[in-house]
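[1] Show me how the following folds:
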Amino acid sequence: MLEELTITNYALIESLTVPFTEGLNILSGETGAGKSIIVGALSLILGGKGDPSLIRTGTEEAVVTATIRLPENGGALLYLQEKDIADDDGYIIIRRVLKRSGRGAIYVQSVPMARQDLVDLTSSLFDMHGQHSHQSLLNIEQHRKLLDSYAGITADVEELKTLFTALSSLKKEYEDLKKSEREILVEQDMLRHALREIDAADLKPGEEEDLAQEKKLLLQHENLMELFDGISGQLSSVEGGALLQLRKTREMLGKLSALTKEAEPLSGRLDNAFFEIEDIFETLGAMKEGIDFSPSRLEECEERLQTIRRLEKKYGDSIEQVWEYRQEAERKLHLYESREEEAARLEEKIASSEKKVLGKAAEISKTRKIQSQELENEILSGLKHLGMEKASFLVNVSGKETPSGRQSCGPAGMDVVEFMISPNQGEPVKPLKKIASGGELSRIMLSIKTVLADSDSISTLVFDEIDSGIGGEIGLAVGEYLARLGNSKQILCITHLASIAVRADNHIKVDKVVQGGRTFTGIKVITGEDRVTEIARMLSGDTAGTASIEHARELLKKYS
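    Prediction:
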């Protein structure tokens, strides 16, 4: 749910924060006040294209920020998790920046995001209808999803997708197996060569690291010997080495201990130090003896390392990966060598999998065709209430076909679902995108969304042109449907009709004022007498008179 929209330096808006609530949010105001500017700013939050020409004159950038409360367990939360973006206790902040000097920026929770990613994120949260079109209703794939949601078969379609993925995997394995004989023979030769090469090398785990260390020691042999000799000399030199000095000191401390018992512990500690240093001296000697330097051994190490690294370059980044490649090569060879038997096994599995896929797809298709008629009737009933009495509406469910004319089945089934309409009596139905105006599309979507209110996951609907070309009883019906839909969804609606505005749970009046020679758009959440005055203005089309004030009070009393 959209909780707040803050707009800075966008078109006529210098700085504005618009609060939204659950239920039906109405934006009203005189023509040109800036209602559609607010919706246009929201379209930027939904990933709409930014137009630098809309940056307010005299400024270099426009900023739009939205605070959104996410539905629990919704697609948006999963999408954010995939992008490794953390929500803030169920809330996110989206910020869109337009720059006059060039490319703007998008941030979700202060993390930069590409515009298409923003579209993907917000498409599960918002559905916009009007001049800032984000109309999912024009997307034919959405028609299938809406029908499936209405029919209660979304889980069945997900199951079909899983079955279809398994079938595709089997077919891919079969295609790999049935490569041309020539390709197989070439690949077999390559695999056998790889096995011979890897086996001949007889690689050992950890060998590369051990050889690298040995090579390093061999290359530093002269330095090592100098260090060993230097340390040994410091410890054992007859001209003042540490061990000699310690022996003399032990003798002297022994004499001191004979004279005073207080020195006896010191004598023991010095003995321990002497024996420890003596042990170090002997260990260093053993280490020196253990280093067997020979130029030929250095050459052997280098050649062995070259062999290992050549194999790693061809077959993997480490000895472990080279062995993994070997195992996979052996598996493939075995597969090729027994490919006829394997092909027969795969053909059997594919046939069984296809049967499951087609069976599930046929079951889904049958349900779609039955439920499409129910959905047609409910939507058509809604359209008649919304002033489209002469309209015809069809949920067309047709089969997919391959280029050769055979029935085709995809991950979502064997059907193409498309909503078609004829707004006028006697005219044939046509696809929505070819025939419906903005206002008609909004009313069609209102009817559909009302029917699907409990099963549709989108939580916020935005209507910019829903009252286009209507009034009177139709306006009352549209207001009734919006209010009903507002019981389960958040609705944002721009309207000029009092019959719609009186249904608002949150009524926002948009004004335009001129100060210091500049025009500014402002808003005010109106209640009480302010709302009565605004409804009266909408009724009269001008300054509210006594009659329109009374009429406004009656409407508000009846519908709010």
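[2] Next, count neighbours for Ser398.
    11 (other C-beta atoms under 10 Å). Bear in mind the C-beta positions are built from the backbone N, C-alpha and C, glycine included.
[3] Need the three-state assignment for it.
    strand (DSSP: H, G, I helix; E, B strand; the rest coil).
[4] Make residue 1 into 16 and carry on from there
    Taking 16 as the first residue, the last one we looked at is Ser413.
[5] can you tell me which residues contact it?
    Ser413 is in contact with Asp430, Val431, Glu433, counting by C-beta atoms under 8 Å, 6 or more residues apart in numbering.
[6] Quick check: bridge partners of it?
    On the basis of DSSP bridges, Ser413 is bridged to Val431.
[7] which residues are contacting the helix or strand Glu565 falls within?
    For Glu565, the host element (DSSP states H and E) is helix 561-574. With contact meaning C-beta under 8 Å, 6+ apart, helix 561-574 is reached by 494, 498, 513-514, 517-518, 546-548, 550-552, 554-555, 559.
[8] most surrounded residue in the residues you listed?
    Ranking the contacts of helix 561-574 using other C-beta under 10 Å puts Ile550 first, with 28 neighbours.
[9] if you average pLDDT over the top helix by length along the chain, what comes out?
    Assignment by DSSP state H gives helix 354-400 as the longest helix of the chain. On average, the pLDDT along helix 354-400 is 92.
[10] which other helices and strands contact it?
    helix 155-166, helix 169-192, strand 407-416, strand 430-437, helix 453-466, helix 487-500 (3 or more C-beta pairs under 8 Å, 6 or more residues apart in numbering; DSSP states H and E).
[11] Give me the angle between it and helix 487-500.
    130 degrees (axes from the mean of the first three to the mean of the last three C-alpha atoms, to 10 degrees).
[12] Out of the contacts of helix 561-574, name the ones that lie in strands.
    Among those, no member falls in strands (DSSP state E).
[13] just curious, which of those residues is nearest to Gly248?
    Among these, Ala498 lies closest to Gly248 (C-beta to C-beta), at 98.2 Å.
[14] ok, the closest one - contacts?
    Counted by C-beta under 8 Å, 6+ apart, Ala498 has contacts Leu39, Arg518, Tyr574.
[15] Tell me the one of those nearest Phe290?
    Leu39 (91.0 Å).
[16] Tally up the residues packed near that closest one, please.
    Applying other C-beta under 10 Å, I find that Leu39 has 24 neighbouring residues.
[17] pLDDT value on it, please?
    96.
[18] any idea how far Ala273 lies from Gly90?
    90 Å (C-beta to C-beta, to the nearest Å).
[19] Have a look at the two and say which one is more surrounded.
    Remark: of Ala273 and Gly90, Gly90 carries more neighbours, 16 against 11, as counted by other C-beta under 10 Å.
[20] Over to the closest residue to that one other than its chain neighbours: give its phi and psi.
    Sequence neighbours aside, Ser139 is the residue nearest to Gly90 in space, at 3.9 Å (criterion: C-beta to C-beta, 6 or more residues apart in numbering). Ser139 adopts backbone torsions of phi -90, psi 0, taken as degrees, to the nearest 10.
[21] tell me the contacts of Ser139?
    Gly89, Gly90, Ala91, Tyr94, Ser472, Ile473.
[22] and the residues you listed, which are buried?
    Gly90, Ala91, Tyr94, Ile473 (16 or more other C-beta atoms under 10 Å).
[23] Let me have the residues you listed in a markdown table, adding secondary structure, distance to Ile459 and pLDDT as columns.
    As requested, the buried ones among the contacts of Ser139 are arranged in a markdown table below (DSSP: H, G, I helix; E, B strand; the rest coil; distance: C-beta to C-beta, whole Å; pLDDT from 0 to 100):
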| residue | secondary structure | distance to Ile459 | pLDDT |
| --- | --- | --- | --- |
| Gly90 | helix | 24 | 84 |
| Ala91 | helix | 25 | 90 |
| Tyr94 | helix | 28 | 90 |
| Ile473 | coil | 15 | 85 |
